[in-house]
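> A predicted structure for the sequence below; I have some questions about it.
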Amino acid sequence: MRNIQRTIDEVRAQRGDLSTWLVHLTKGNFSKINGQNTYHTPKQCLENIIKTNTIEARTAAGHFNYSAWYKNVNPKDLRAVSFTETPLRDIFLFINIKNKSLKFSSYGLVFDRDELTKKPIYAAPVMYFSQPDGDSHFLNKFSPLEQKFCHDFKDVLYLFDKFGKTFTKKDFNFMWEREWRIRGDFKNITEHVKFGLCPESEIAFFEKMFPAISFVDPFFNPRQIEAKLKARGII
């Protein structure tokens, strides 16, 4: 009926494009071991995250992550851990995207979004500003801050990013990722993780190694995922 009134919570519960989860997907990366660059697979990265109980913030994030700002902003202050609030049923779309520099895998961890927004973690969505067709109207608003205020705002600068055309006319638009970030390393993750993600063939391996965490394959049918999570008392 058209006259039915709903609360905001009821609207959120019925919207298929909204999610109560934050998902961190792993990707392959390199680290120095005995002075040599050693490659770690996405599977190894997930194992290491759970074993160390930490997701490391290894790279600086956001619009201010380029050298022109570094005289006022320490890149270490911009390091952040990234998540997506994309609904779980659509997470598989992140995997193996063509021509994308960051290649996400089927391995990851899932957290309760509202829980991570609270003190002392303070997860927050990325705040985007537009540069349509390369127009720098909004970017120019930040220019006066360079000399005066960037250092004072260093604790929130990691949350700012842009979308639109770059000066080289390349389309830079990752709003579809619906990214959230946590500043610095995310420690004590096992206190917060709700379940894990991995290929179906690896579920037995991870659940044997980490019995406190249930795993599902992001390529499972959403009903299959829901059934397992309900059976384990996760939802």
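Yep, it's here. Residues are numbered from 1 along each chain as shown.

> Quick check: buried residues in stretch 141-158?
Phe142, Leu145, Cys150, Lys154, Leu157, Tyr158 (16 or more other C-beta atoms under 10 Å). In short, each C-beta sits where N, CA and C put it, glycine included.

> between the residues you listed, which is nearest Asn37?
Set against Asn37, the nearest of the buried residues of stretch 141-158 by C-beta to C-beta is Tyr158 (25.7 Å).

> before we move on, back to that, mind picking the lowest-pLDDT entry from the buried residues of stretch 141-158?
Least confident entry in those, by pLDDT: Leu145, with 68.

> per-residue confidence for the most centrally placed residue in the chain?
Centrality entry for the chain: nearest residue to the mean C-alpha point is Phe83, 1.4 Å, by C-alpha atoms, centre = their mean. Note on Phe83: pLDDT of 97.

> can I assume it is in contact with Val23?
Yes: counting by C-beta atoms under 8 Å, Phe83 touches Val23, with 6.0 Å between them.

> any residues in contact with both of those two?
Phe111 (C-beta atoms under 8 Å, 6 or more residues apart in numbering).

> any idea of the pLDDT on the closest residue in space to Leu88 that isn't next to it in sequence?
With C-beta to C-beta, 6 or more residues apart in numbering as the measure, Trp21 is the residue that lies nearest to Leu88, at 5.9 Å, once sequence neighbours are left out. We have a pLDDT of 96 for Trp21.

> Same question for Met1.
At Met1, the pLDDT recorded in the model is 53.

> And for the residue nearest to Thr190 when sequence neighbours are not counted, the neighbour number?
If the residues on either side of it in the chain are set aside, Thr190 comes closest to Asn53, at 5.4 Å by C-beta to C-beta, 6+ apart. Other residues within reach of Asn53, judged by other C-beta atoms under 10 Å, total 13.

> who touches Asn53 in this structure?
Per C-beta under 8 Å, 6+ apart, neighbours of Asn53: Lys187, Asn188, Ile189, Thr190.

> check contacts around the third one.
Translated: Ile189. By C-beta under 8 Å, 6+ apart, the neighbours of Ile189 are Ile49, Ile50, Asn53, Thr54, Ile55, Leu109, Phe111.

> Am I right that the second one sits in a helix?
Yes: with DSSP: H, G, I helix; E, B strand; the rest coil as the criterion, Ile50 is part of a helix.

> Wait, it touches Ile213, no?
Yes: the pair Ile50 / Ile213 is scored as a contact, 7.2 Å apart, by C-beta under 8 Å.

> and for the two, which residues touch both?
Joint contacts of Ile50 and Ile213 (C-beta under 8 Å, 6+ apart) are Leu109, Thr190, Gly196.

> Got phi/psi on the residue nearest to the last one when sequence neighbours are not counted?
Counting by C-beta to C-beta, 6+ apart, Phe215 is the residue found nearest to Gly196 once chain neighbours are left out, at 4.3 Å. Comment: the main-chain dihedrals of Phe215 come out as phi -120, psi 150, following degrees, to the nearest 10.

> what does Phe94 give?
Dihedral angles for Phe94 - degrees, to the nearest 10 - are phi -80, psi -10.

> ok, now Phe163?
phi -150, psi 150.

> since we're on it, how many residues are nearby?
16.

> Just the pLDDT at Ala60, thanks.
89.

> In contact with it, which residues?
So Ala60 contacts Pro75, Lys76, Leu78, Arg79, Ala80, Tyr158 (C-beta under 8 Å, 6+ apart).
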